[in-house]
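Q: sequence below, structure please.
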Amino acid sequence: MVEVKIDEGVARIFLNRPEKVNALTAAGLSGLRDALEKLKVDPALRVVVLGGRGRAFCGGADVNELASLKVENAANFVNAIHLVCDAIRRLPVPVVARLHGAVIGGALEIAAACDLRIAAEGTKFSMPEVKLGIPSVVEAALLPRLMGAGRAAWLVMTGEAIDARRAFEWGLIEKVSTDLDGDVDALLQQLLACDRDTLRVQKELLQLWQEAPLSTSIAVSLERFAQAYVGGVPALMRKLRR
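A: The predicted model follows:
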C-alpha cells in the first residue's frame, strides 16, 4: 500500500492503492507511519516527497472501514491518521506534498501536515465529514493556521470541494502546477541547494512558531542563530565573501 524510493537523500513516498483511489485503511496508515519512522533516523535524508499513485493523491478514509467502526474503536482509527501526520511533522527535513486528482478528508489533513504543497491544475480539495455525520478532527486543526479561521470553517462546515486555484488563493497550497513532476523537481533542487543542517533547524523553528508564544519563538530563534556561528562564519557565507 506504500511505495518508498530513496535516491541521494531524496525519499519519495507514494500511497499505492490506486484501484481504491488510495483510500486510507488502518493497515495502510500503519504502513505509512512505519515508513516515515524509518526515514526519520536516516542521517543522509535531505527531503521527502509524498504523493499518490493512480488518478488521485488520496480519496480520504476508506468508506467501508468507516462504516464498520463502533464507539469502542472509532477513536483508534482517527488516531492512526493523527500518528501519520505527527510522524510527518517530526521528520527533521522538509516534506513536500505532491497533490493531484483529489485530496479528501484525512488526506487533506496529511497534506496539511507537510511543509510545502504543490497541486496539479484541477485538483479538488474537500473536508466532507459533516456530510457523513462525523466531525473533522485531529490535524484538521492545522487548517486555520494555513488558511485563516473563516476559510477553514468554510471547508469543514460546508463540506464543499474547492479547486486548486481557490486552494492557492486561500493559502492552503503553495503552487498550482501544469507540470507537477517538473515543478516538484524544481522545488527539490531549491531545497537541496540549501545547507542541510540549517534547513533542519529552519523546519524546527517553523513548527515552534506555529505552537509556541511569540516570546518563546523569538528567544529560541536567537539561540539557533547564534549556534550557526559555532566554529566561525558559516561555510556558505564564507563563499559569498570571496
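
Q: residue contacts, residue 5?
A: Residue 5 makes contacts with 11-12, as judged by C-beta atoms under 8 Å, 6 or more residues apart in numbering. Where you see a C-beta, it was placed from the backbone N, CA and C, and this is true even at glycine.

Q: ok, it to residue 30 distance?
A: 20 Å (C-beta to C-beta, to the nearest Å).

Q: just want the most central residue of the protein.
A: residue 114 (1.8 Å; C-alpha atoms, centre = their mean).

Q: shouldn't it be in contact with residue 93?
A: No. Assessed by C-beta atoms under 8 Å, residue 114 is found out of contact with residue 93, at 11.3 Å.

Q: beta partners for the closest residue to residue 181 other than its chain neighbours?
A: Excluding its sequence neighbours, the residue lying closest to residue 181 (C-beta to C-beta, 6 or more residues apart in numbering) is residue 98, at 7.9 Å. Per DSSP bridges, the residues bridged to residue 98 are residue 118.

Q: which residues touch residue 98?
A: 49-52, 57, 118, 180-181, 184.

Q: out of those, which is nearest to residue 18?
A: residue 52 (7.8 Å; C-beta to C-beta).

Q: would you mind measuring from that closest one to residue 204?
A: From residue 52 to residue 204 the distance is 27 Å (C-beta to C-beta).

Q: so for these two, which residue has more residues nearby?
A: Neighbour totals were compared for residue 52 and residue 204, and residue 52 leads with 26 against 13 (other C-beta atoms under 10 Å).

Q: perfect, that will be all.
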